[in-house]
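# Pasting the sequence and the predicted model now:
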Number of protein chains: 2
Amino acid sequence: MRAINALIWAAALYAPSTVLALWPMPRTLNTGSTYMKLASTFSIQINVNNPPQDLLDAVSQTTGFLQNDKLRRLAIGRGANDTSILAGAASLPKLTLSLLNGQIASSIAQESVRPLGQRSEGYSLTVPGDGSAATITANSTLGLFRGLTTFSQLWYDASGVTYTFMAPVVISNDSPAFPYRGFMLDTSRNFFPVDDIKRTLDAMSWVKINTLHWHIVDSQSFPLDVAEFPEIAQNGAYDASEVYTAADVQEIVAYAGARGIDVLMEIDTPGHTAIISKSHPEHIACAESSPWETFANEPPSGQLRLASSATRDFTANLLTAVAKTLPSTLFSTGGDEVNTNCYSQDPQTQTDLKNSGKTLEQALSDFVLNNHRALAAIGKTPVVWEEMVLDHNIAVSNNTVVMVWISSQHAASVASKNLHIVHAPSDYFYLDCGAGDWLGNNPTGNSWCDPFKTWQKAYTFDPLASLTTAQRALVLGGQQLLWTEQSSPENLDSIAWPRAASSAEVFWTGATLPDGKPRSVNSALPRLHDLRFRMVRRGVRAIALQPEWCAVRPGACNI
Amino acid sequence: MRAINALIWAAALYAPSTVLALWPMPRTLNTGSTYMKLASTFSIQINVNNPPQDLLDAVSQTTGFLQNDKLRRLAIGRGANDTSILAGAASLPKLTLSLLNGQIASSIAQESVRPLGQRSEGYSLTVPGDGSAATITANSTLGLFRGLTTFSQLWYDASGVTYTFMAPVVISNDSPAFPYRGFMLDTSRNFFPVDDIKRTLDAMSWVKINTLHWHIVDSQSFPLDVAEFPEIAQNGAYDASEVYTAADVQEIVAYAGARGIDVLMEIDTPGHTAIISKSHPEHIACAESSPWETFANEPPSGQLRLASSATRDFTANLLTAVAKTLPSTLFSTGGDEVNTNCYSQDPQTQTDLKNSGKTLEQALSDFVLNNHRALAAIGKTPVVWEEMVLDHNIAVSNNTVVMVWISSQHAASVASKNLHIVHAPSDYFYLDCGAGDWLGNNPTGNSWCDPFKTWQKAYTFDPLASLTTAQRALVLGGQQLLWTEQSSPENLDSIAWPRAASSAEVFWTGATLPDGKPRSVNSALPRLHDLRFRMVRRGVRAIALQPEWCAVRPGACNI
């Protein structure tokens, strides 16, 4: 047995193949075709001095996944025929985790909030086919965590036996093609309890998404308790039960960090702030003005009085009060959909502009740069929506991260300004599109960003399209986004998963698979089915993308 | 207090108003503006001799809803200001249920399966404003059940007090505008465990939907264990764990019946039967032929060999074997999307046709009518998809029910043949539209029935459009439908609810509200928000249709 395995092992190293259940696909991969099962005494051994608690927890969680996933092969018969082969298969006794070069072990959470570009997510993994121990090695606990995530995806279940049919598995120096891989959640249009966010973080971690872009507040509600400004949530949350307390935020940040995820919070300004008028009417122009269509893209209207020095101070203080509680180096000041008519119609703003001798655009620039200076003073890098630099031409610092959302076509314009890009284009990555018009009395209206963005559409996104070779380094990555006008905890899982895994692979794996072929929806789909089944087993209500008949017959439901 | 209430009571009878939380809106309704709370000793008294168990259960369930719904008013402040008013409000001590004219009480389940047109769903309900007992009267236990459903929707919660602010409430002889109000679920493309179907039946009953159209099998899987044909599910279910046993079916039928719901099962024929080839290859033409596009509208292809006498016998035996186990008078033989090329390319069918001297259309007619005769022999009324009579012109019996699905425009053609109509048009009622192309390799493909059918679109459906006055009696009702190529238990609730409540009101309430005004999405939306919140409280994951900001401000999010 051992001799045969060794032979297969040797051959396998030169025979790249597609491992069904891996998502995102590692950037390097060699597999064999040996059946191997987990030993009943299988354990994960941490060869790390003073391992941090979150690494210990990650190992426990991985052990749980290995025991409970019980994912049967998505093939006709669901792997029933594997049972007899497994009777004689070698057993894997152990997985060992080691840090390279005697690194001191920081926690996963500490590693997860390092600045983009300084974060070490890479790892190497081997599962020999001969019954010797499997290994994961990395430069950081975060890398070990990524390796554990990959390891947990290698295994199927047949009649209670946990096994792979593709040993040996060798992954050398897998690391992400792009440093930023995010998921955005809007918790303002509708509120999401902490447990829903935690479950979302779980799902994100399973596909190595490393950033929760938390669009926590907007015009509709302000569900964030800010220590220095308790009145805003008191008057601006939907309900006392629909508020994230300081403790809730820290709990979410800690839960994210332990899963390799940085929390990038956004307080959108100066637009999308109507609800602040409930506590600070002095700072909000055109609050709930009618008809809303004249003053905002959706009800209710209301924007910060950016030309008022009192409002400028208030805003900078609010942003820093929130940002200083968060470990991330990134913080978003928003900046989308500023409605100029709102300011034209606001007597106070017109007076403020007249008194200062500034145009609205100049005042907007002062407002934004004042916020960015305040954030810089506490060590934060600002993130903005594309209009700030493309429509308003604000001279943001050159470390600013710009999120492109209106159209994927706009990325090149941001690059031409030599600014960092996060791809968040509505034409590929908006998860909410295609559900019709949510306004109350428009029976024939459609979603503004119709049609629905399928996983396939998102998967075919090219992060480097229309960029020069020199500009490519500006691309930090990208994310899929859930705006929640028509979503709530009830459909959070099903509208997001497994679709939001598409961008996770786009930005981890890059353009080509380890066998050198380009990524394609054809080869991705069987793996995505595997991922979806695994997510369901782990408690995330990811939907079926096809009839099960198709899921167990790769390619049979192509056109 | 009593005098004031009496005054309001008198006025109220002449002042029809919109009760926020009712869905579907009763056909007659008078309300006042008196606050009234449920007494702490509130009870429901059944003034019925030998009440059947399912009525007793319905009363218990209603009591549970009254205690646990805790729906707060969808208004700014969520009804907090009501608390002080309620301190002095009258209390309702009791609700009594009575059958008119000393009827003998059959069970709700027995009443629920009476033939359409002979089913008695009407009821009257009063909630006096003076502290005397509320009443529900009806001609049947089914009517009492409908009244209980309405009663449970009258109540809000403020700080633990269950109350209404619209007493007195008088509903005289509410009964449905149309006898058939359905919901269709496809359990073949993806499997739904019994508990998911039960939860769906719960939600259906809350909006007085009275028919589960159970599209139980199709080409992809055959999850029904038929006593006389166990081999079909053994070979055609996705998995041994994904089968409805005879006991499962009876459990579902009983659960439905106790909730006023008839189970109309469909065994689709002659198309949509590919999976039967796994057990009976002799009966299936073009089974999994390639390319599937040539032989079927979706993979896999495969149709019953309708020209074979052995297959005709097999099919009639299969249909009756299933139908005889069900109490419903209705049974669907399907009949959509017959692919003629499949038969042209099938040598056996060509031989059978040649030997019999019949055309394909003649053989199809023989096949269908043979099935219908077999069903009629066991007392079943056949139901078919529209193609059977519109495309193939089959001379079905004049009691046949025809489901119009391809286009709402086709109803008039069915009416011109003097056949009964159930509206199930894809352009209004298909819940699956708008989710993109589910085929594996078509990144820019859209849903075939794009766009998404919003609740508003469904709500504006006119069941009598394009029909003559004489033809109107042919309309039995209608239903929304969930085909499950892209659905699974994970999104069942969120894709169906509250949207599928739209047709429930279209077909119960009819064209006009009790105040004489036409139904409109404007006046419906606040009630639909209430319904959705209540569904969530009761364990059905119905989604938010708008930001909560809009839900508590009726009209503020209109365009």
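Ah, there it is. Just so it is clear, the structure is predicted and the values come from calculations on it, not from any experiment.
# Confirm A:Ala39 sits in a strand?
Yes: counting by DSSP: H, G, I helix; E, B strand; the rest coil, A:Ala39 is found in a strand.
# give me the number of residues near it?
14 (other CB atoms under 10 Å in any protein chain shown). Any C-beta I mention is one placed from the backbone N, CA and C, and that applies to glycine too.
# Please name the residues that touch it.
For A:Ala39, the contacting residues are A:Ser91, A:Leu92, A:Pro93, A:Lys94, by CB atoms under 8 Å, 6 or more residues apart in numbering or on different chains.
# Not counting its neighbours along the chain, what's nearest it?
Spatial nearest neighbour of A:Ala39, excluding adjacent residues (CB to CB, 6 or more residues apart in numbering or on different chains): A:Ser91 at 3.9 Å.
# Does that neighbour touch A:Tyr35 like I think?
No: under the criterion of CB atoms under 8 Å, A:Ser91 makes no contact with A:Tyr35, lying 10.6 Å away.
# The two: who's more crowded?
Neighbour count, other CB under 10 Å: between A:Ser91 and A:Tyr35, A:Tyr35 has more, with 21 against 15.
# Wait, a strand at that one?
Yes: counting by three-state DSSP, A:Tyr35 is located in a strand.
# That one touches A:Ser84, doesn't it?
No: in this structure A:Tyr35 lies outside contact range of A:Ser84 using CB under 8 Å: 10.3 Å.
# Please give the number of neighbouring residues around whichever residue of the stretch 1-150 of chain A sits closest to chain B.
Relative to chain B, the nearest point of the stretch 1-150 of chain A is A:Arg78 (6.6 Å; CB to the nearest CB). Other residues within reach of A:Arg78, judged by other CB under 10 Å, total 18.
# The one 5 residues further on too?
For A:Thr83, the neighbour count with other CB under 10 Å is 13.
# So it: helix, strand or coil?
helix.
# which residues sit against stretch A:72-87?
By CB under 8 Å, 6+ apart, stretch A:72-87 touches A:20, A:35, A:37, A:156-159, A:161, A:163, A:165, A:526, A:529-530, A:533, A:551-554, B:239.
# So which bits of the stretch 201-350 of chain A are right by chain B?
A:Ser219, A:Gln220, A:Ser221, A:Tyr238, A:Asp239, A:Glu242, A:Ile275, A:Trp292, A:Glu293, A:Glu298, A:Pro299, A:Pro300 (CB under 8 Å from any CB of the partner chain).
# ok, now how distant is the residue lying closest to A:Leu95 once chain neighbours are set aside from A:Ser140?
Among residues not flanking A:Leu95 along the chain, A:Ala134 sits closest, at 4.3 Å (CB to CB, 6+ apart). Here A:Ala134 is placed at a distance of 19 Å from A:Ser140 (CB to CB, to the nearest Å).
# do the same with A:Thr41
On the measure of CB to CB, A:Thr41 and A:Ser140 end up 29 Å apart.
# Which one's more surrounded, these two?
In terms of neighbours (other CB under 10 Å), A:Ser140 is the more surrounded of A:Thr41 and A:Ser140; the figures are 24 against 8.
# Tell me where the model's unsure across chain A.
A:1-19 (pLDDT under 70).
# Please parse it into its domains.
Per the TED database, the structural domains of chain A span A:29-174, A:180-509.
# Redo the ones you listed as a markdown table? Include distance to B:Gln362.
Formatted as a markdown table, the domains of chain A follow (distance: least, CB to CB, whole Å):
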| stretch | distance to B:Gln362 |
| --- | --- |
| domain A:29-174 | 38 |
| domain A:180-509 | 43 |
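# Can you tell me which of those is most buried?
A comparison of the domains of chain A by mean neighbour count, using mean count of other CB atoms under 10 Å in any protein chain shown, puts domain A:180-509 on top with a mean of 21.
# Endpoint to endpoint, that domain covers what distance?
In domain A:180-509, first residue to last residue: 12 Å (CA to CA, to the nearest Å).
# And the residue of the stretch 1-150 of chain A closest to chain B, its phi and psi?
phi 50, psi 30 (degrees, to the nearest 10).
# Tell me where the stretch 1-150 of chain A has strands.
With DSSP state E, counting those that start in this stretch applied, the stretch 1-150 of chain A shows strands at A:30-47, A:90-99, A:123-127, A:134-138, listed in chain order.
# what sits against the residue nearest to A:Ala39?
A:Met36, A:Lys37, A:Leu38, A:Ala39, A:Ser40, A:Phe42, A:Gly131.
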